[in-house]
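Chemist: Return a 3D structure for these sequence lines:
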Amino acid sequence: MSALRFEYHPAAIEEANHAYRWYLEQSPQAANRFWEELVSGREKICQQPDAWTPYYHGSRCYQLRKFPYGIVYVRNDELIIAVAICHLHRKPEYCKKRMGE
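Modeler: Predicted coordinates:
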């Protein structure tokens, strides 16, 4: 079985960058750990896309271990799309409207 392609919704890219910049203002080490967790999360999602917590409208959410963020994604037979990099303590359901795009 070949690996599924992984893409980011444009808004998810902006969310990840915004969170990274916020952590960078607090601590460069924290920002680097945050980014490393995002990369690790992507790899784990690609390895086992059905293993993570079911979320809204058929999506799933991989929760980062040390940060209150999740990678919300949908998949089909060929593609995984990260629809949001959301702060899980701040009304994460805002990304529901992206599920249909």
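Chemist: Could you measure from Leu4 over to Asp77?
Modeler: To Asp77, Leu4 is 8 Å away according to C-beta to C-beta, to the nearest Å. For every residue, glycine as well, the C-beta is placed using N, CA and C.
Chemist: Same check on His87?
Modeler: For His87, the distance to Asp77 (C-beta to C-beta) stands at 30 Å.
Chemist: cool, and Ile13?
Modeler: Using C-beta to C-beta, one gets 24 Å for the distance from Ile13 to Asp77.
Chemist: just Ala84 next, same as before
Modeler: From Ala84 across to Asp77, the span is 22 Å (C-beta to C-beta).
Chemist: For these two, indicate the residue with more neighbours.
Modeler: Taking neighbours as other C-beta atoms under 10 Å, Ala84 and Asp77 compare with Ala84 leading, 26 against 5.
Chemist: Go ahead and list the helix or strand containing the more buried one.
Modeler: In this assignment (DSSP states H and E), Ala84 forms part of strand 79-87.
Chemist: Give me the average confidence score over that strand.
Modeler: What strand 79-87 shows for mean pLDDT is 94.
Chemist: Please compute how far that strand lies from its chain's middle.
Modeler: Mean-position distance between strand 79-87 and its chain equals 4 Å (C-alpha atoms, centre = their mean, to the nearest Å).
Chemist: Name the SS class of Gly70, please.
Modeler: strand (DSSP: H, G, I helix; E, B strand; the rest coil).
Chemist: so who does it touch?
Modeler: 61-64, 84-86, 88, 92 (C-beta atoms under 8 Å, 6 or more residues apart in numbering).
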